[in-house]
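Asks: Fold the following and give me the result.
(one chain, ligands or ions: 1)
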Amino acid sequence: MAHRLGANQYGKAECRVVRIVRDTPRHEIRDLNVSTSLRGDFADAHITGDQAAVLPTDTQKNTAFAYAKLHGVTSAEDYALALGSRLLEACPAADAAQVRVEEYGWDRIGDHSFVRRGGAVRTAVVTVGHDATHVLSGISDLVLLNSTDSEFKGFLEDEFTTLPETDDRVLATSLVARWRHTDADGGGIDWNASHEAVTATLLRTFAGTYSRALQEMLYAMGSAVLDAQPGLAEIRFSAPNVHHHLVDFSGFDVDGLSNDGEVFVAADRPYGLIEAQVTRDGAAAADEAWLAVPGFC
Ligand SMILES: O=c1[nH]c(=O)c2[nH]c(=O)[nH]c2[nH]1
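Replies: As a prediction, the model looks like this:
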């Protein structure tokens with residue numbers, strides 16, 4: 001005996017839609033996690049296997065990215081209303097289209113540079129020994145994004161290389177950094193002021209540096225911190241390269257729809273993982289300060 005099909009809906013979950021508005025040198029960013037669902041009469045898709053009524057989840061995803069450009073993102077609500085209306089119209093079997101949006105906030109640190117709101121965590125690792133005391137200050141989950149002034153080209157190629165060269169891409173990372181104080185047991189260090197100053201230098205350097213790779217950016221940030229803070233011996237970074245792939249609109253049958261560095265998909269994995277240490281010339285090493293501190297090369 002046939003069983004009864006109950007409630008059902010389908011769609012694409014968690015499209016990471018990043019919209020950059022770059023009509024002027026002062027870019028804007030909207031960063032969304034968009035999920036869509038269609039509900040209606042999709043009995044055949046389940047029971048007889050006939051997919052004629054089904055607007056594929058892949059098309060729903062494409063529409064979510066295309067609408068970030070075609071309609072724009074002035075607010076999560078306004079964008080979701082436009083996308084929902086379009087999906088409902090495009091799928092006659094649907095009674096309703098639901099669009100769920102999570103928006104990540106970004107604070108501006110430059111014309112085309114942003115730091116994600118609210119996420120960063122301050123860290124400290126102190127090792128007190130009989131002969132020496134070490135202090136590593138740090139920050140993790142510092143999510144940074146440059147919407148231009150980043151390139152990656154001229155790299156080694158072999159038979160497995162498919163990555164195109166680019167001289168304008170989004171550079172984004174969720175930075176983990178730790179820095180070691182030279183005279184940790186000498187007293188007189190204003191730890192809060194020091195942490196604020198290092199963080200400010202990291203942000204200012206990220207926003208002000210044209211980078212040819214995340215590697216070059218890390219070295220620039222580390223050098224700037226050591227230049228500004230004579231009391232630091234070294235700084236170490238672990239920086240995932242949060243890839244932002246330009247969405248290819250060329251296959252869509254929509255007149256005049258182009259993507260000139262405006263709509264990206266933020267990929268969570270796999271990610272490049274770039275790690276580097278920058279050490280002051282002549283500073284004594286202190287391996288014991290880093291013992292059992294995970295996450296660094
Ligand atoms: O800044 C980068 N460094 C790399 O080593 C690398 N490798 C890659 O594929 N993309 C990038 N980007």
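Asks: Name the residues of stretch 105-123 that are buried.
Replies: Applying a neighbour-count criterion of 16 or more other CB atoms under 10 Å, one finds Trp106, Ile109, Gly110, His112, Ser113, Phe114, Val115, Arg116, Ala120, Thr123 buried in stretch 105-123. Bear in mind the C-beta positions are built from the backbone N, C-alpha and C, glycine included.
Asks: Just to check, the third one is in contact with Thr209?
Replies: The one in question is Gly110. No. Judged on CB atoms under 8 Å, Gly110 makes no contact with Thr209 at a distance of 9.9 Å.
Asks: Show me where the stretch 51-200 of the chain has its strands.
Replies: 94-104, 106-110, 113-116, 121-128, 133-146, 171-181 (DSSP state E, counting those that start in this stretch).
Asks: which parts of the stretch 101-250 of the chain sit against the ligand?
Replies: The stretch 101-250 of the chain comes close to the ligand at residues Phe152, Leu163, Ala213, Leu214, Gln215, Asn241, as judged by CB under 6 Å from any ligand atom.
Asks: how about the residues you listed in JSON lines, adding neighbour count and pLDDT?
Replies: As requested, those are exported to JSON lines (neighbours: other CB atoms under 10 Å; pLDDT from 0 to 100):
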{"residue": "Phe152", "neighbour count": "20", "pLDDT": "98"}
{"residue": "Leu163", "neighbour count": "10", "pLDDT": "97"}
{"residue": "Ala213", "neighbour count": "18", "pLDDT": "98"}
{"residue": "Leu214", "neighbour count": "23", "pLDDT": "98"}
{"residue": "Gln215", "neighbour count": "17", "pLDDT": "98"}
{"residue": "Asn241", "neighbour count": "19", "pLDDT": "98"}
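Asks: so which pair among the residues you listed is furthest apart in space?
Replies: The largest separation in these, counting by CB to CB, is between Leu163 and Gln215 at 15.2 Å.
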